[in-house]
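>>> Predicted coordinates and the sequence they were generated for:
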Amino acid sequence: MRKKTKLIHGGITGDEQTGAVNVPIYQVSTYEQESVGNHKGYEYSRTGNPTRFALEELIKDLEGGKQGFAFGSGMAAITSVFMLFSSGDHVIMTDDVYGGTYRVVSKVLSRFQIDVSFVDTSSPDEVKQAIQSNTKAIYVETPTNPLLKVTNLSKISDLAKEQDLLFIVDNTFSTPYWQNPIEFGADIVLHSATKYLGGHSDVVAGLVVVNSEKLAEELHFILNSAGGILGPQDSYLLIRGMKTLGVRMEEIEENTKQVVEFLHNHPSVTNVYYPGLASHSGHQIHLSQASGFGGMLSFDVGSGEMADQVLNRIQYFTLAESLGAVESLISVPARMTHASIPKSRREELGITDGLIRISVGLEDAEDLIEDLEQALK
Ligand SMILES: *Cc1c(COP(=O)(O)O)cnc(C)c1O
């Protein structure tokens, strides 16, 4: 099955009992047992729910793993994956990781003595040097947020395998439509499904796919114990959104190409960060591990004042956090998604006050470009 077919026919489709072409919303918390312990596969909806299971099967098929899990948010998914570790363990993580991920590891998990080193994972050498005797995992985002840095999945996977470390990839930006990290050796792939997978700014969710029975057992134990599950209504909405992931990503790719070309040639723009640009440092590596570049890009307008002007004038780009929806979104990472990262650290990373991030949506590219043109005047 190819990707667009898998989005429609993967996982569990329809309802055997009635012939309904959609999986019903099983709005139920508990299930009758014929005798103690004798049930039809479901006991209690924290442990398992048929609508959630249909979604979990779908993401499993899309990422090509052993088992999928659906959580109440991307952060619930990430936190649950970190519960695989114990006090005293060490994890190596991409340095310009999503702001919320930085926050949970540095402010919450640190209280449980789970230690994290932030490293430029686009350099395998730096990753190698950061490995300690208590290192248990390497966690990467590629491309990253908001500078679109690219990590070589195969190289990091080789390093992880050599040292018997788990290799975890946050695949939110590329989506399973463009990139499947398990093919390149990842053990765990996770998503903020709030973004492209849902795609319509109407659901907050997180998905995880693991590539071994052992990890599946361990993560299900955590999901059932800590209970950060996704409810049946949101599971249904997510399945509905995912059916059109392919057509959305193809169209977003087309729009983004045009927007990037416009910004790249604009005199007020000092820098455009997009892996699809041949001049981008990660262009070749990204091409070797993904079939599309996605709809996320950042550009620098030189100052916080100019960024303010653009935000004040722009019409079709909604000023909002988040990404990956039908509507184009615009944000200033330094003051929004990455505000929880200290200013000194932000500047080290290149997240300047003039950096603007956009998530290109499904409007007409001509309208988006005209809008950017008048905002940058
Ligand atoms: C949004 C996001 C998250 C967090 O997901 P939520 O659904 O908002 O909890 C994690 N990683 C990346 C790359 C994200 O963009």
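Cool, the structure landed. Just so it is clear, the model here is predicted, and its values are computed rather than measured.

>>> And the residue nearest the centre of this structure?
Centroid-nearest residue in the chain, with C-alpha atoms, centre = their mean: Thr172, separated by 1.6 Å.

>>> which residues sit in contact with that residue?
74, 98, 141, 190-192, 195-196, 324 (C-beta atoms under 8 Å, 6 or more residues apart in numbering). (Glycine included, C-beta is placed from N, CA and C.)

>>> Over to Arg357?
Arg357 neighbours (C-beta under 8 Å, 6+ apart): 145-146, 296-298, 323, 330-333, 337.

>>> Dig out what it forms beta bridges with.
Ser298, Ser331 (DSSP bridges).

>>> how far away is Arg248 from His200?
Between Arg248 and His200 the distance is 9 Å, computed by C-beta to C-beta, to the nearest Å.

>>> rewinding a little: for the nearest residue to the residue nearest to the centre of the chain once chain neighbours are set aside, the count of nearby residues, please.
Spatial nearest neighbour of Thr172, excluding adjacent residues (C-beta to C-beta, 6 or more residues apart in numbering): Ser192 at 4.6 Å. Counted by other C-beta atoms under 10 Å, the residues lying close to Ser192 total 28.

>>> Could you pull up the residues touching Ser192?
So Ser192 contacts 73-75, 77, 98, 170, 172, 205-206 (C-beta under 8 Å, 6+ apart).

>>> Any figure for the gap between it and the ligand?
The gap separating Ser192 from the ligand is 3 Å, by C-beta to the nearest ligand atom, to the nearest Å.

>>> Need the pLDDT of that residue.
pLDDT, Ser192: 98.

>>> ok, now Thr256?
Per-residue pLDDT puts Thr256 at 98.

>>> Okay, and it sits in which element?
Per DSSP states H and E: Thr256 is located in helix 245-264.

>>> Any chance you could list what contacts the helix or strand following that helix?
Toward the C-terminus, helix 245-264 is succeeded by strand 271-273 as the next helix or strand (DSSP H and E). The contact list for strand 271-273 (C-beta under 8 Å, 6+ apart) reads 146-148, 260, 263-264, 280, 297-300.

>>> of the contacts of Arg357, buried ones?
Neighbour-count burial (16 or more other C-beta atoms under 10 Å) applied to the contacts of Arg357 gives 145-146, 296-298, 323, 330-333, 337.

>>> quick one: which of the contacts of Thr172 has the most company?
Among the contacts of Thr172, the one with the most neighbours (other C-beta under 10 Å) is His191, at 31 neighbours.

>>> out of everything not next to it in sequence, what's closest to it?
In space, His191 is closest to Leu207, 4.5 Å off (C-beta to C-beta, 6+ apart).
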